[in-house]
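Trainee: show me the folded form of this:
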Amino acid sequence: QVRLVESGGGLVQPGGSLRLSCAASGNIFSINAMGWYRQAPGNQRERVAGISSDGSTNYADSVKGRFTISGDNAKNTVYLRIDSLKPEDTAVYYCNADGVLLRGDWRLYEYWGQGTQVTVSS
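Mentor: All right, here's what the predicted structure looks like:
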């Protein structure tokens, strides 16, 4: 099986920065893309950033300029740096791995992490 483990969340003051990490482990041959989603109370889960195996990135319009996604293919790890944090960034942030190819299996899978809480408050 595959497991995604996020870390780096916490309580941050407005204007501060944070870096989230997500490491995928298991019987992984390759991952096509990884991304970050967030879900605030009462809201639907929204995609905020994604990165493909070729290094191309994309962001939700609402976070462009403040969020930076990066990855390490060799470690199956993705990072999300968040600058100039705002109270409205408060949410549970989830890591996603899509197009996952497992060793010995031709099918593609999608996996989610358990989420890490980010709270922006003074």
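Trainee: partners of the strand or helix carrying A97, with directions?
Mentor: A97 is part of strand 91-102 when elements are defined by DSSP states H and E. If you go by DSSP bridges, strand 91-102 pairs up with strand 28-39 (antiparallel), strand 108-112 (antiparallel), strand 116-120 (antiparallel).
Trainee: OK, contacts around the residue of the chain positioned farthest from its centre?
Mentor: Each residue of the chain has a distance to the centre, and by Cα atoms, centre = their mean the biggest one is for G104: 26.4 Å. Neighbour list for G104: N27 [criterion: Cβ atoms under 8 Å, 6 or more residues apart in numbering]. All C-beta atoms are positioned from the backbone trio N, CA, C, and that covers glycine.
Trainee: try 10 Å
Mentor: Neighbouring residues of G104 by Cβ atoms under 10 Å, 6 or more residues apart in numbering: 27, 29.
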